[in-house]
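Q: What shape does this take:
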Amino acid sequence: MKLGIVGLGQWGQKLVRAIQEDGNPKSQLTHFVAGYTRSPNKHRPFALQEKLHLFESYEEFLRSRSVDAVVIASPHSEHVDQICAAAEAGLHIFVEKPLALDVAGALKAIVAARAAGRQLAVGFNRRFLPAYSQLKEILHSGRIGRVLHLEGNFSAPQALHFAPEDWRARHSETPAGGMTLMGIHVLDAMIGLAGPITGVRARSRKQFLQVDVDDTTDVQIEFAGGFTGYLSTVTATARNWRLQVFGTEGWAEMQGYQQLTLARVGQDPETTRFGAVDIERAELEAFAKSVVDQTEYPIHLDEVVKGIGALEAVFKSVREDRFIAVES
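A: Numbers count the residues shown, from 1 in each chain. Model prediction:
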């Protein structure tokens, strides 16, 4: 399946290189052949190296009929309009998280894709980690008893390196600090494990950064299942990923991407280490397979919308400094 990339910044390039090297496919399912970027001169050397034809405009790219699907790695606020245009052009769509910045936008994008009969998939790559799959199996098998509480943290130093002109350094693109950059991955992972979120109470502060991004954000969470949760995300510290589920008979925790510890009441903790996985390649190949086989992408859109609902509630809670219920 021939792909086109929209947005050739750091992450767009990472997605291309997950699938090919010097233009030569590493996957038997898909590869990139074209792209569009607002800064073609800046990214032309990369495009030449990866044998990508760069179009002068997004509209020209869509009209060209040169690809089967578009992969969108553009600023968050542009996702919905770009998805709708791609669906109207008859293309399947893979979009980086977040799908949208509010539920209305998410639903508009989904309706457009479904009306056109096109596949729409969202890039929550942590779902493809073997440790995450094992954590989900532990939870659903009842090995830690009745679930009581979930905790997660996703942090990184990336905002320390943002230039003021970087689109990620604009509050309009990154409300509530690291939530659209990292925290939404924790929200999605929690929803995939434990189901819908019904309410949040959030804080977000800029304590150190000079750009227009909060560096410290945390969220108290209520789940439809009756249990509680907590997540935090820091944009100005060392990289960290932690996801932990507590139950009446023990707890299980991902620490990083390749380690999972299970601790049951009265027993010594057991740690399993997993091999490295290219999760960007895994998600793009899963997308290609869903298109070819006409099956649903592993991350269902109803869960994606629930995550956007929780994300939108976080934004509102930060603004209004109160608990916000998430509409079903």
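
Q: Number of residues surrounding the closest residue in space to Lys51 that isn't next to it in sequence?
A: The spatial neighbour of Lys51 that comes closest, neighbours along the chain excluded (Cβ to Cβ, 6 or more residues apart in numbering), is Gly23 at 3.1 Å. C-beta coordinates here come from the backbone N, C-alpha and C atoms, glycine included. As a burial measure, Gly23 scores 15 neighbours (other Cβ atoms under 10 Å).

Q: any idea how far Gly23 lies from Arg205?
A: Separation of Gly23 from Arg205 (Cβ to Cβ, to the nearest Å): 45 Å.

Q: Am I right that the residue nearest to Lys51 is in contact with Ala47?
A: No: with contacts counted by Cβ atoms under 8 Å, Gly23 stays clear of Ala47, the gap being 9.8 Å.

Q: Run through the residues that contact the closest residue to Gln255 other than its chain neighbours.
A: Closest residue to Gln255 apart from its sequence neighbours, by Cβ to Cβ, 6+ apart: Arg242 at 5.7 Å. Counting by Cβ atoms under 8 Å, 6 or more residues apart in numbering, Arg242 makes contact with 151-154, 253-256.

Q: out of those residues, which are buried?
A: Buried by 16 or more other Cβ atoms under 10 Å: 151-154, 253-254, out of the contacts of Arg242.

Q: Pick the one among those closest to His53.
A: Checking the buried ones among the contacts of Arg242 against His53 with Cβ to Cβ, the nearest one is Phe154 at 35.1 Å.

Q: okay, now Ala282: neighbour count?
A: Ala282 has 17 nearby residues by other Cβ under 10 Å.

Q: so what's it up against?
A: Counting by Cβ under 8 Å, 6+ apart, the residues that Ala282 touches are 125, 128.

Q: Would you check how far apart it and Ser133 are?
A: Separation of Ala282 from Ser133 (Cβ to Cβ): 11 Å.

Q: likewise Thr216?
A: Look at Thr216 and Ser133: by Cβ to Cβ, they are 30 Å apart.

Q: So between those two, which is more surrounded?
A: Set side by side, Thr216 and Ser133 show more neighbours around Thr216, with 20 against 14, by other Cβ under 10 Å.

Q: What are the boundaries of the helices in the stretch 101-250 of the chain?
A: Remark: helices assigned in the stretch 101-250 of the chain by DSSP state H, counting those that start in this stretch are 103-115, 130-141, 183-194.

Q: so what does the first one touch, helix or strand wise?
A: Yep, that's helix 103-115 we're talking about. When contacts are defined as 3 or more Cβ pairs under 8 Å, 6 or more residues apart in numbering; DSSP states H and E, helix 103-115 sits against helix 79-88, strand 120-123, helix 301-320.

Q: so which of these is the most packed in?
A: strand 120-123 (a mean of 26; mean count of other Cβ atoms under 10 Å).

Q: mind checking how far it is from the chain centre?
A: 9 Å (Cα atoms, centre = their mean, to the nearest Å).

Q: What strands flank that strand, and is each parallel or antiparallel?
A: With DSSP bridges as the test, strand 120-123 is paired with strand 92-96 (parallel).

Q: ok, and for stretch 166-184, which residues are buried?
A: So, applying 16+ other Cβ under 10 Å, buried residues of stretch 166-184: 166-170, 173-184.

Q: From the opening residue of it to its closing one, how far?
A: Stretch 166-184 has an end-to-end distance of 20 Å (Cα to Cα, to the nearest Å).

Q: pLDDT of that stretch, averaged?
A: Regarding stretch 166-184, the rounded mean pLDDT is 96.

Q: same question, stretch 24-35
A: 96.

Q: How much space separates the most far-flung residue of the chain relative to its centre from Leu243?
A: Largest separation from the mean C-alpha position in the chain: Gly266, at 36.6 Å (Cα atoms, centre = their mean). Distance, Gly266 to Leu243, using Cβ to Cβ: 24 Å.

Q: from the contacts of Arg242, which ones fall inside strands?
A: Among the contacts of Arg242, the members found in strands (DSSP state E) are 151-154, 253-255.

Q: quick check, nearest of those to Glu270?
A: Nearest to Glu270 out of the ones in strands among the contacts of Arg242 is Glu253 (Cβ to Cβ; 11.4 Å).

Q: Now for the closest one: which residues touch it?
A: Neighbours of Glu253 in contact, by Cβ under 8 Å, 6+ apart: 242-245, 260-261, 263.
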